[in-house]
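Novice: Prediction below, plus the sequence it came from.
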Amino acid sequence: MGRLLITFLLMHRDALHRPLLYLSVYLKENRAEYYDRLTSIRCRGDWEGWLKFFPRGVAQTAGEATATAQRISELRERHRAQVLRENVGPNGLKLPSLLFASPIVNVNLVRADLGVTFATANKLIGRFEQLGLVREITGQRRSRRFRYDPYLRLFHTGVDDPAPAVPAQVTSAGSTLRPRLVACDDENATLGVAYEVLGRSRVALALRESSCGRGHPAID
């Protein structure tokens, strides 16, 4: 809850434009220091140590989000070019927008989203499977589901059980994907600017109003 409050407070204070700051991976990767910093606040009032640790996580997380957004844009353009090259057809150019919004789909979802028949949707998703763009994950002949692996691999962190924020924000708006807009906004994602944007007083306010410094530290 505390981490969610930090992100929402940063949005409320106009330090973030979208709730794309997912700090849990950083805190899990630095679990020991995270515990030590919270204990130091509780026992010794050592806010200075936290104010060195936390903005570093903000900068690192923002940098990773920026890089991921750029990779999403590059993947989209690469797969669009592949669909054009393979002459999949106009519906083939529409399907990637659905896959970015819902990276696990079935034929009925494709049918409803594209406004085509079941047979057309089934043939289209089969063509994408042949091209290596999606993979069937149930192993069944009926009620099949297909996973957009190249996209989901962009969010692999190497930390157990991450719940990435970026895919949840990636939806289509016409022919333009939100990741392109996110990438434009994330030019501030450097260490120096992160300190400048947050400021010591703003970080202290976010922490004071959150639950991170109370009770026993825990990582969800």
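Specialist: In hand now; what should we look at?

Novice: Just the strands from the protein, written as ranges.
Specialist: For the chain, the strands defined by DSSP state E occupy 104-105, 135-136, 146-147, 172-173, 176-177.

Novice: worst average pLDDT in these?
Specialist: Among those, strand 176-177 carries the lowest mean pLDDT, at a mean of 34.

Novice: The longest helix seen in the chain - contacts with which helices or strands?
Specialist: Counting by DSSP state H, the longest helix found in the chain is helix 47-85. Using 3 or more C-beta pairs under 8 Å, 6 or more residues apart in numbering; DSSP states H and E, the elements in contact with helix 47-85 are helix 24-29, helix 31-44, helix 90-101, helix 149-152, helix 166-169, strand 176-177, helix 178-185, helix 191-208. Any C-beta I mention is one placed from the backbone N, CA and C, and that applies to glycine too.

Novice: Only the buried residues of it, if you could.
Specialist: Of the residues in helix 47-85, those buried under the neighbour-count criterion (16 or more other C-beta atoms under 10 Å) are 47, 50-51, 53-62, 64-66, 68-72, 75-76, 79, 82-83.

Novice: pretty sure Trp50 contacts Ile41?
Specialist: Yes - when contacts are counted by C-beta atoms under 8 Å, Trp50 is listed as touching Ile41 (5.8 Å).

Novice: For Ile125, give me its contacts.
Specialist: Going by C-beta atoms under 8 Å, 6 or more residues apart in numbering, Ile125 touches Leu95, Val105, Val107, Val110, Val134, Phe146.

Novice: Have a look at this structure and report the helix or strand with the lowest mean pLDDT.
Specialist: Lowest by mean pLDDT, DSSP states H and E among the helices and strands of the chain is helix 178-185, with a mean of 30.

Novice: Can I get stretch 121-131 in CSV? Just the C-alpha atoms.
Specialist: Only the C-alpha atoms of stretch 121-131 are listed here, as CSV (Å, rounded to 0.1, in the frame of the first residue of the first chain):
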residue,chain,number,x,y,z
ALA,A,121,-9.9,-14.5,-36.9
ASN,A,122,-8.8,-18.1,-36.6
LYS,A,123,-6.9,-17.9,-39.9
LEU,A,124,-5.3,-14.6,-38.9
ILE,A,125,-4.1,-15.8,-35.5
GLY,A,126,-2.8,-19.0,-37.1
ARG,A,127,-0.8,-16.9,-39.6
PHE,A,128,0.7,-14.9,-36.7
GLU,A,129,1.6,-18.2,-35.1
GLN,A,130,3.4,-19.3,-38.2
LEU,A,131,5.4,-16.1,-38.3
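
Novice: avg pLDDT for it?
Specialist: What stretch 121-131 shows for mean pLDDT is 96.

Novice: Okay, the residue located most distally from the centre of the chain and Ile6: tell me how far apart.
Specialist: The C-alpha centroid of the chain is most remote from Arg44, which lies 35.5 Å away (C-alpha atoms, centre = their mean). Using C-beta to C-beta, to the nearest Å, one gets 22 Å for the distance from Arg44 to Ile6.

Novice: got a pLDDT number for Tyr34?
Specialist: Tyr34 is assigned 92 on the pLDDT scale.

Novice: and the longest helix of the chain, how far from the chain's centre?
Specialist: Here helix 47-85 is found 8 Å from its chain centre; the criterion is C-alpha atoms, centre = their mean, to the nearest Å.

Novice: what about it, average pLDDT?
Specialist: Taken as a whole, helix 47-85 has a mean pLDDT of 91.
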